[in-house]
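Undergrad: only geometry, no sequence info:
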């Protein structure tokens, strides 16, 4: 079942670029997507077994292009993409993508 009809909000995703000479990541071109954003207060474990707070869960269309550490802007607040999970149906097709995001602290 396709969930695109439930994605009634808008978010912008900017791809993560290279680091500048000060160690800050630059941002690439921003693309606007239909989404569903839900605030949360979860904690996840990273691959280095560190605990990271999660401030939102975002659902996107299966065709969205997003990577870890990209910047997602929703309702004028910037977030960093922490996890990307494709939601796969019983036929093996990706129905939608679920992201967990953390407020961007610059």
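TA: Sure, I can see it. Since this is a predicted model, take the numbers as computed values, not measurements.
Undergrad: Tell me who's in contact with residue 28.
TA: 14-17 (C-beta atoms under 8 Å, 6 or more residues apart in numbering). In short, each C-beta sits where N, CA and C put it, glycine included.
Undergrad: Farthest pair within those residues?
TA: 14 and 17 (8.6 Å; C-beta to C-beta).
Undergrad: Show me just the buried residues among the contacts of residue 28.
TA: 14-16 (16 or more other C-beta atoms under 10 Å).
Undergrad: export the residues you listed to TSV and tack on pLDDT, secondary structure and distance to residue 56?
TA: Below are those laid out as TSV (pLDDT from 0 to 100; DSSP: H, G, I helix; E, B strand; the rest coil; distance: C-beta to C-beta, whole Å):
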residue	pLDDT	secondary structure	distance to residue 56
14	92	strand	16
15	88	strand	19
16	80	strand	18
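Undergrad: Export those as TSV, with columns for distance to residue 35.
TA: Below are the buried ones among the contacts of residue 28 laid out as TSV (distance: C-beta to C-beta, whole Å):
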residue	distance to residue 35
14	14
15	16
16	18
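Undergrad: Kindly indicate which of those residues lies nearest residue 37.
TA: Using C-beta to C-beta, these come closest to residue 37 at residue 14, 16.1 Å.
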